[in-house]
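[1] Sequence isn't available, so here's the structure alone:
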């Protein structure tokens, strides 16, 4: 997917990107490019609207009903595990998951749970960019041969 061809819509897709939107977009079967670009914008817009509406409803209901947040940390962890399993099932390469997992464990041990996430994300991003750039160079060299 080339976001440059979407024009201003690309900025909105980046702005509206959430874990749920990303999971839906990656899991979608693509048809014609024009249709899929339009669908991606609509998915981002609908998820953004659902997010805002859910927040407003939650704030209004939360003002009137006592609500314990106990267990919410587990539900967020469970959400990310479900997204991860879904991505693993559809992945054709597993090294991004391995790089992310190893860097998370490494930085958790090295700097502790307060700072590991930023370090792990940066390390994973740098590692993936390096690998993809190397693959791109190899493909260009093979084309030139």
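    Cool, got the structure. Everything quoted here is computed from the prediction, not taken from an experiment.
[2] hmm, who's touching stretch 12-23?
    Applying CB atoms under 8 Å, 6 or more residues apart in numbering, the external contacts of stretch 12-23 come out as 3, 6, 40-41, 43-45, 47-48, 51, 79-80, 83, 86-87. All C-beta atoms are positioned from the backbone trio N, CA, C, and that covers glycine.
[3] Just the terminal-to-terminal distance for that stretch.
    Distance between the boundary residues of stretch 12-23 (CA to CA, to the nearest Å) amounts to 17 Å.
[4] What's the mean pLDDT across that stretch?
    Averaging pLDDT along stretch 12-23 yields 83.
[5] just stretch 126-133 next, same as before
    Rounded mean pLDDT across stretch 126-133 is 92.
[6] Could I get the buried residue list for that stretch?
    residue 127 (16 or more other CB atoms under 10 Å).
[7] same question, stretch 44-64
    Under 16+ other CB under 10 Å, the buried positions of stretch 44-64 are 44, 47, 48.
[8] what's the closest of the residues you listed to residue 104?
    For the buried residues of stretch 44-64, the closest approach to residue 104 (CB to CB) belongs to residue 47, at 25.8 Å.
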